[in-house]
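> Let me see the structure of the following:
(chains A, B, C and D)
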Protein chains: 2
Amino acid sequence: MRRKVLISDDLGSINRGVLAVLDTFSFMEVHSVQYCDDAYLKIKKALNDKDPYHLFITDLSFKSDYRKQRYQSGEELIAALRHEVPDLKVIAYSVEDRLQKIKRLISNPNVKGYVCKGRSGLKELTEAITAVCENRHFVSPQIAQAMLRKDDFEITDYDISLVKQLSEGLSQEEISLYFKRNNIMPCGLSSIEKHLNRLKIQFKANNVTQLVAIIKDLGLI
Amino acid sequence: MRRKVLISDDLGSINRGVLAVLDTFSFMEVHSVQYCDDAYLKIKKALNDKDPYHLFITDLSFKSDYRKQRYQSGEELIAALRHEVPDLKVIAYSVEDRLQKIKRLISNPNVKGYVCKGRSGLKELTEAITAVCENRHFVSPQIAQAMLRKDDFEITDYDISLVKQLSEGLSQEEISLYFKRNNIMPCGLSSIEKHLNRLKIQFKANNVTQLVAIIKDLGLI
DNA sequence: CCCTGCTTTACGGGATTCCGTAAGGATGCT
DNA sequence: AGCATCCTTACGGAATCCCGTAAAGCAGGG
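Alright, predicted model coming up:
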């Protein structure tokens, strides 16, 4: 049975690697793009032509360059496809290994698989494709395992955006106002202080400056 | 003329992509590894066997996993090779795009090329390999261009160590004491404040936290 | 020697952060 | 409803940071 597959990744080297893997599936017709917007257009066009894609394999983060994009990240594109192309199966293939983010992603019914880029990424990707073709789901073992553990020592998007604002020079009071304006809860100055306190303990930071330095080193912002 | 090449990247997909590119150079004998320590061992062994590698293409950042590594990053490995295998030509292939860091890297005479992973990464890598084979150097155009720009602030070692202490969580008063103990002048609290003030103006930072974030982004600490 | 310019150091007051205590609100369980 | 728990928010005092002013020290030039 012929299957149409689209892969999307900004790094040429990764695209090439994934293509090499897909070549082992002889029944597949594979196309690849390097921008989210291109992926969106190809998917929509195929749908219009009554020859839709069956599977979409995409990275999550895309470097921005001179080409202005409507969809800046894989997440955004996947979210849009959820309603516009509900029959499309999606496998995310990313270095992202933060549980919170992955959980949210695979709560989207379109997303049938999550594969962590890593040393055995291509092997896992093969498994994921096989699974999805057989209507099963797949997530990388290290993620699946982490999801079982209950010690949710997790850092949320809220925390990230909080620290990010700090790193951009806002005072805690300014952040409070910013959160109020953007309807991000909690937005009280006290809550911001409390969250920061928890983060400082978690990351063993003496003060906010060190906290930002640590989070930056971890590549979270 | 036969050339031995070693490539090192933890992501399997990238390794595959790079291998595909290297296949277009028919005279090359290519090996690949996924850990810095493996790269080190292979390079040393080849040297011992009197059949050394001519070219080493490596990523800079490697995810750590259960395998404990002596060399945690490409930088560390490259620094070690500088003295142990001075004849080995190195091309770094990384997403890193911070000038200062790249400058420090290519100040190492072994490093003949720097290629930025990105949409045209493989194309540039091909150019880099060709250049290095012809005894020329290569750095990705976007980096080369950025290096020309002269808005490269004068920043002293004193400034660096000052900001570094901040990023490690010391208060300004603690830094004053630290400087006194280590005979770093000036060490008065007021002087430290004054220096920080100048830095904040230079780097357009609202506060110390943002200053540290900026300096980290520049790769200065 | 004095003047000038530069840097280090000191001091003070206002702003911000830090940290503990506690009130108010939502949720879930019995 | 009553109770426990978790989370948000508020408040206040201590510590720290921020920033301007100013004195002291040290070169170089006239």
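
> gap between A:Arg82 and DNA strand D?
Applying C-beta to the nearest atom of the strand, to the nearest Å, one obtains 27 Å for the distance of A:Arg82 from DNA strand D. Using the backbone N, CA and C atoms, a C-beta is placed for each residue, glycine as well.

> Contact partners for that residue?
A:108-110 (C-beta atoms under 8 Å, 6 or more residues apart in numbering or on different chains).

> Can you sort out which of these also neighbour DNA strand D?
Filtering the contacts of A:Arg82 for neighbours of DNA strand D using C-beta under 7 Å from any atom of the strand leaves an empty set.

> What is the nearest of those to B:Ile129?
A:Asn110 (40.0 Å; C-beta to C-beta).

> phi, psi of that closest one?
A:Asn110 adopts backbone torsions of phi -70, psi -30, taken as degrees, to the nearest 10.

> Now render the contacts of A:Arg82 as a markdown table, adding neighbour count, pLDDT and distance to A:Ala128.
As requested, the contacts of A:Arg82 are exported to a markdown table (neighbours: other C-beta atoms under 10 Å in any protein chain shown; pLDDT from 0 to 100; distance: C-beta to C-beta, whole Å):
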| residue | neighbour count | pLDDT | distance to A:Ala128 |
| --- | --- | --- | --- |
| A:Asn108 | 15 | 88 | 16 |
| A:Pro109 | 10 | 90 | 16 |
| A:Asn110 | 18 | 94 | 14 |
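
> near DNA strand C, which residues of chain A show up?
Neighbours of DNA strand C within chain A, by C-beta under 7 Å from any atom of the strand: A:171-173, A:190, A:193, A:196-197, A:200, A:207-208.

> burial measure for the residue nearest to A:Leu11 when sequence neighbours are not counted, as a count.
Of all residues beyond its chain neighbours, the one nearest A:Leu11 is B:Lys117 (5.5 Å), with distances taken as C-beta to C-beta, 6 or more residues apart in numbering or on different chains. A count of neighbours around B:Lys117, defined by other C-beta atoms under 10 Å in any protein chain shown, yields 27.

> just checking, B:Lys117 touches B:Tyr93?
Yes: at 6.3 Å, B:Lys117 counts as touching B:Tyr93 under the criterion of C-beta atoms under 8 Å.

> so who does the residue nearest to A:Leu11 touch?
With contacts defined as C-beta under 8 Å, 6+ apart, the neighbours of B:Lys117 are A:11, A:13, B:14, B:93-95.

> now A:Ile215: how far from chain B?
Applying C-beta to the nearest C-beta, to the nearest Å, one obtains 9 Å for the distance of A:Ile215 from chain B.

> three-state assignment of that residue?
Here A:Ile215 is helix, with the state taken from DSSP: H, G, I helix; E, B strand; the rest coil.

> Leaving out the residues flanking it, which one is nearest to it?
Using C-beta to C-beta, 6+ apart, the nearest residue to A:Ile215 is A:Val163, at 4.9 Å.

> ok, back up a step: which of the contacts of B:Lys117 are buried, as a ChimeraX select command?
Buried members of those can be picked out in ChimeraX with the line below, counting by 16 or more other C-beta atoms under 10 Å in any protein chain shown:
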select /A:11,13 /B:14,93,94
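
> Narrow the contacts of B:Lys117 to those in helices?
In this view, these that belong to helices under DSSP state H are A:13, B:14.

> The contacts of B:Lys117 into a markdown table, with extra columns for pLDDT and distance to B:Pro141?
Supplementary listing: the contacts of B:Lys117 in a markdown table, determined by pLDDT from 0 to 100; distance: C-beta to C-beta, whole Å:
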| residue | pLDDT | distance to B:Pro141 |
| --- | --- | --- |
| A:Leu11 | 91 | 17 |
| A:Ser13 | 83 | 17 |
| B:Ile14 | 87 | 20 |
| B:Tyr93 | 95 | 15 |
| B:Ser94 | 93 | 16 |
| B:Val95 | 90 | 16 |
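
> and of the contacts of B:Lys117, the nearest to B:Leu6?
The shortest gap between B:Leu6 and any of the contacts of B:Lys117 belongs to B:Tyr93, at 12.3 Å (C-beta to C-beta).

> Name all residues that make contact with that closest one.
Contact analysis of B:Tyr93 by C-beta under 8 Å, 6+ apart lists B:9, B:18, B:57-59, B:115, B:117, B:121, B:125.

> Now it: closest residue in space, sequence neighbours ignored.
Spatial nearest neighbour of B:Tyr93, chain neighbours left out: B:Val115 (4.8 Å); criterion: C-beta to C-beta, 6+ apart.

> State whether that neighbour is indeed within a strand.
Yes: the assignment for B:Val115 by three-state DSSP puts it in a strand.

> pretty sure it contacts B:Lys123?
No: at 9.5 Å, B:Val115 does not count as touching B:Lys123 under the criterion of C-beta under 8 Å.

> need the contact list for the residue nearest the centre of chain A.
Per C-alpha atoms, centre = their mean, the C-alpha nearest to the average position across chain A is that of A:Leu60, at 4.0 Å. Contacts of A:Leu60 were listed using C-beta under 8 Å, 6+ apart, and they are A:73-75, A:92, A:94, A:96, A:105.

> what would the residues you listed look like in a markdown table with distance to A:Tyr35?
Output for these, formatted as a markdown table (distance: C-beta to C-beta, whole Å):
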| residue | distance to A:Tyr35 |
| --- | --- |
| A:Ser73 | 11 |
| A:Gly74 | 11 |
| A:Glu75 | 15 |
| A:Ala92 | 17 |
| A:Ser94 | 16 |
| A:Glu96 | 19 |
| A:Leu105 | 20 |
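
> Mind checking which of those residues are buried?
Among the contacts of A:Leu60, those classed as buried by neighbour count (16+ other C-beta under 10 Å) are A:73-75, A:92, A:94, A:96, A:105.
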